[in-house]
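>>> A predicted structure for the sequence below; I have some questions about it.
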Amino acid sequence: MPLVNLNCVLEKAHKERYAVGAFDTWNIESVRTVIAAAEESCSPVIVQAYTERIRHTDIEYYSAIGKVAAENSKIPVVLHLDHGDNLRIVMQSIRQGFTSVSIENPGLTFQQYVDFTKKVVEVAHSTDVSVEAELGEVPRVREGVTEPRHETMTDPKEASRFVAETGIDALAISVGTVSGLHEGIKEAKVDFDRLRKIRNSASVPLVLHGGTALTSADVKKAIGLGVCKINIGTALHLPFIEGIIRLVKNSPENVDLFKIHRVDRVVQEEAKTIIKNLMKLYGCSDKAAAYNFFAV
Ligand code: 13P
């Protein structure tokens, strides 16, 4: 079926208290793996393209991959730009057929960021594209941070104003998660009190970045407090990369243009299992059939 936007999948998740997994992808294989796992789980899914990644892969090509993969599947698929950190890439994604974009503050004051977001929302909504905006900042391991930063966490009072003034569809919040954390480093520590206050002041679906290091118990608690989109990157990248290294080392005969697909296949199956387990945990498995689709 054709791609759908974020509202098509999050509205129901918000009402029924479950979360939809949003998985960072980087090439044809990863897009197909995420969609295949969603189909096997009968789950809606958000396929994300990380801004930094698609700077190196023409957006037009990426969008074509997403569209074809969605059209060949029977479940609702959102094609979402993750971490839209500049206006040019956000607008290009909208023009090229992404059905959802996320933006983050490129260093503006609160009021400037409100105005910037309103402009993006106006353009995006005119073509039925949804907008997720981050308020505060989720730190990243890649930038050398492994601890939550109190000073960049989302302020619940600002969240209320921001949502009301901008008209965004989903709010990405900073409540203690760190993007890129994983088992080998440490678990995320969520400030549930802050999350509760944000939920009470902002009525839109909430988004958690840095999903890899969340414990199962925290995922459930966060979903109970209004989180209905969870972003996953590391939990997918790592097994793909480590799997390829392991398999190539164990069977060097597969390092051959006509045999390398054997490696891809094993890695994709392993990644599918990870995604399917996450979908079960988020409560979105078996939800695809119940959607009313409004294809965009
Ligand atoms: P993780 O890599 O920690 O799962 O975070 C991914 C993310 O937040 C992408 O937006």
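Yes, it's here.
>>> Number of residues surrounding residue 183?
Residue 183 is flanked by 11 other residues according to other C-beta atoms under 10 Å. C-beta coordinates here come from the backbone N, C-alpha and C atoms, glycine included.
>>> And it, which helix or strand is it part of?
Using DSSP states H and E, residue 183 falls within no helix or strand.
>>> same thing with residue 265?
Short version, using DSSP H and E: residue 265 is in helix 260-282.
>>> For that helix, C-alpha coordinates in PDB please.
Listed next in PDB are the C-alpha coordinates belonging to helix 260-282 (Å, rounded to 0.1, in the frame of the first residue of the first chain):
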ATOM      1  CA  ILE A 260      27.800 -12.100  -0.700                       C
ATOM      2  CA  HIS A 261      24.000 -12.200  -0.700                       C
ATOM      3  CA  ARG A 262      24.400 -15.300   1.600                       C
ATOM      4  CA  VAL A 263      25.900 -13.000   4.200                       C
ATOM      5  CA  ASP A 264      23.200 -10.400   3.700                       C
ATOM      6  CA  ARG A 265      20.500 -13.000   4.100                       C
ATOM      7  CA  VAL A 266      21.800 -14.300   7.500                       C
ATOM      8  CA  VAL A 267      22.300 -10.800   8.900                       C
ATOM      9  CA  GLN A 268      18.900  -9.700   7.800                       C
ATOM     10  CA  GLU A 269      17.200 -12.700   9.500                       C
ATOM     11  CA  GLU A 270      19.000 -11.900  12.700                       C
ATOM     12  CA  ALA A 271      18.100  -8.300  12.500                       C
ATOM     13  CA  LYS A 272      14.400  -9.200  11.800                       C
ATOM     14  CA  THR A 273      14.300 -11.200  15.100                       C
ATOM     15  CA  ILE A 274      15.500  -8.100  17.000                       C
ATOM     16  CA  ILE A 275      12.900  -5.900  15.400                       C
ATOM     17  CA  LYS A 276      10.100  -8.300  15.900                       C
ATOM     18  CA  ASN A 277      10.900  -8.600  19.600                       C
ATOM     19  CA  LEU A 278      10.900  -4.900  19.900                       C
ATOM     20  CA  MET A 279       7.600  -4.600  18.200                       C
ATOM     21  CA  LYS A 280       6.100  -7.100  20.700                       C
ATOM     22  CA  LEU A 281       7.500  -5.100  23.500                       C
ATOM     23  CA  TYR A 282       6.100  -1.900  22.100                       C
END
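>>> list the contacts for the residue of the chain positioned farthest from its centre?
Centroid-distance maximum for the chain: residue 253 at 36.0 Å, with C-alpha atoms, centre = their mean. Residue 253 makes contacts with residue 259, as judged by C-beta atoms under 8 Å, 6 or more residues apart in numbering.
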